[in-house]
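Colleague: the amino acid sequence is not available; the structure is as follows:
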């Protein structure tokens, strides 16, 4: 925002200098040039915005929620408490690098675990899409492979895009009905971002149905801020809840407003050149070449967004101790709940491919201090050490980009083997 204001002042100063130094014709020419530049910028953004929702404009402050899409979301995934969930007895097909895959949810809300569902239950999982097993079939998840190794039925209540906060809240709902000796919560480092969000739209532009609860620290203790849209009827009146949402959402001012493209549009574009220029170029290239990899999950411009997201979580881990403290507090709440219910808690830390690549390059594990702190409190299985020096990361992850997508069928099997080894060594199983 400051750079945009500074640029606007600069262009204004140039105009005044031209007016004072030369005659009015030069000044009119300068104004006409800026007007043409502004009109071209506005037209470009309007056109590209249709193809790529990450180019947000002031109209995204109050987006209209599609009634048809909202109905699908409510029927398939809405949850009043957590924001969204994998509902019982639902299924979905996905397409990735290895072709078509399918996931299915059983009547209890756990992912189906073929050939193991009649076995004893000793381990349950809660977490995000990496732990859920996106882009692999039901018999290719790490839980399926761990079931093979332990000869038990490993439950999987993970949900895509969950932060550690939502995973913990779901654990508290499901555990009384699905008790196990061991509970694993597994998350990616991006969970530091997810626990700071209330409306996903403010960080994942266009995710307009993604309202969620979050924790804050008040007087040294966790306090839950409930899902602001905790009834279907509130979607139609979400604007009434924006003051509270914006108050508690970390990203409304720091990211959403900062990255918004608004008048003057050409200044908005050049004020953040390392974001906007590559995005516009890649959108233009994709739009007019018409070439996208058939099985590529993410369009080419998303590379820019993924790079920004990686820098964001690194910045928070390395430079925002309050947010890291919040994450530690949520982990501590997991431990407290484990003691009250008498199960063994395990945190599974699952770096993404781009995490591993930047750690290799920088020779610095940016979340290491956090891992060191929580290892003193409970059992942690950090996959970083096992994966960092492997030369087959392309096989372990499901997408042929630096981001890497989710763990592939090979990656899920490897995660199960590492986890099995660690749980055995720690004498947890």
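Modeller: Perfect, thanks for sending it. All values reported here derive from a predicted model rather than from experimental measurement.
Colleague: only C-alpha atoms for contact and neighbour calcs from this point on.
Modeller: Noted.
Colleague: for the closest residue to residue 63 other than its chain neighbours, give me the pLDDT.
Modeller: Once flanking residues are discounted, residue 63 sits nearest to residue 208: 7.6 Å by Cα to Cα, 6 or more residues apart in numbering. Note for residue 208: predicted pLDDT of 97.
Colleague: I'd like to know how many residues surround residue 208.
Modeller: Other residues lying near residue 208 total 19 when counted by other Cα atoms under 10 Å.
Colleague: same check, this time on residue 70
Modeller: For residue 70, the neighbour count with other Cα under 10 Å is 17.
Colleague: can you pull the contacts of it?
Modeller: Counting by Cα atoms under 8 Å, 6 or more residues apart in numbering, residue 70 touches residue 209.
Colleague: 10 Å - rerun?
Modeller: By Cα atoms under 10 Å, 6 or more residues apart in numbering, the contact set of residue 70 is 76, 78, 208, 209, 232, 235, 236.
Colleague: just confirm residue 93 is within a strand.
Modeller: Yes. Counting by DSSP: H, G, I helix; E, B strand; the rest coil, residue 93 is part of a strand.
Colleague: these two touch, right, it and residue 138?
Modeller: No. Using Cα atoms under 10 Å, residue 93 is not in contact with residue 138, being 11.2 Å away.
Colleague: mind listing the shared neighbours of those two?
Modeller: Listed as contacting both residue 93 and residue 138 by Cα under 10 Å, 6+ apart are 101, 102, 103, 104.
Colleague: for the last one, which non-adjacent residue is spatially closest?
Modeller: Looking back up the chat, that one is residue 104. Distances taken as Cα to Cα, 6+ apart place residue 91 nearest to residue 104, at 4.2 Å, with adjacent residues excluded.
Colleague: what segments of the stretch 151-300 of the chain are strands?
Modeller: Counting by DSSP state E, counting those that start in this stretch, the stretch 151-300 of the chain has strands at residues 155-156, 182-187, 214-218, 221-225.
Colleague: sorry, back to before: what about residue 93 and residue 138, which has more around it?
Modeller: Set residue 93 next to residue 138 and count neighbours by other Cα under 10 Å: residue 138 wins out with 21 against 12.
Colleague: residues touching the more buried one, list them.
Modeller: Applying Cα under 10 Å, 6+ apart to residue 138 gives the contacts 101, 102, 103, 104, 105, 111, 112, 113, 114, 132, 144.
Colleague: ok, now residue 338?
Modeller: Applying Cα under 10 Å, 6+ apart to residue 338 gives the contacts 172, 181, 182, 183, 332, 344, 345, 346.
Colleague: so how far is residue 336 from the second one?
Modeller: Summarising the geometry, the distance separating residue 181 from residue 336, computed by Cα to Cα, to the nearest Å, is 15 Å.
Colleague: swap in residue 147?
Modeller: Between residue 147 and residue 336 the computed distance is 27 Å (Cα to Cα).
Colleague: again with residue 64
Modeller: Separation of residue 64 from residue 336 (Cα to Cα): 41 Å.
Colleague: could you do residue 146 as well?
Modeller: 26 Å.
Colleague: settle it for me: which of the two has more neighbours?
Modeller: residue 146 (23 against 13).
Colleague: my guess is the more buried one contacts residue 121, does it?
Modeller: No. Checked against Cα under 10 Å, the pair residue 146 and residue 121 is beyond contact range at 11.9 Å.
Colleague: need the residues touching each of these two.
Modeller: With Cα under 10 Å, 6+ apart as the test, residue 146 and residue 121 both reach 152, 153, 154.
Colleague: who wins on neighbours among those residues?
Modeller: Counting neighbours by other Cα under 10 Å, the top entry in the shared contacts of residue 146 and residue 121 is residue 154, with 29 neighbours.
Colleague: which members of the shared contacts of residue 146 and residue 121 occur in helices, if any?
Modeller: Filtering the shared contacts of residue 146 and residue 121 for membership in helices, criterion DSSP state H, returns an empty set.
Colleague: ok, those vs residue 393, which is closest?
Modeller: Nearest to residue 393 among these, counting by Cα to Cα, is residue 154 at 25.9 Å.
Colleague: the closest one reaches residue 139, doesn't it?
Modeller: No. Here residue 154 lies out of contact with residue 139, judged by Cα under 10 Å, at a distance of 12.0 Å.
Colleague: grab the longest helix from this protein for me.
Modeller: If you go by DSSP H, the chain has its longest helix at helix 24-49.
Colleague: buried stuff in that one?
Modeller: With burial defined by 16 or more other Cα atoms under 10 Å, the residues of helix 24-49 counted as buried are 27, 30, 34, 37, 38, 41, 42, 45, 48.
Colleague: quick one: mean pLDDT for that helix?
Modeller: 91.
Colleague: packing partners of that helix?
Modeller: Secondary-structure packing of helix 24-49 (3 or more Cα pairs under 10 Å, 6 or more residues apart in numbering; DSSP states H and E): helix 2-21, helix 265-271, helix 273-289.
Colleague: residue 303 reaches residue 405, doesn't it?
Modeller: No. Using Cα under 10 Å, residue 303 is not in contact with residue 405; the gap is 11.4 Å.
Colleague: what sits against the residue nearest to the spatial centre of the chain?
Modeller: What sits nearest the mean C-alpha location of the chain, by Cα atoms, centre = their mean, is residue 161, with 5.4 Å. The contact partners of residue 161, by Cα under 10 Å, 6+ apart, come to 84-85, 127-130, 167, 187-188, 190-191, 194, 200, 210.
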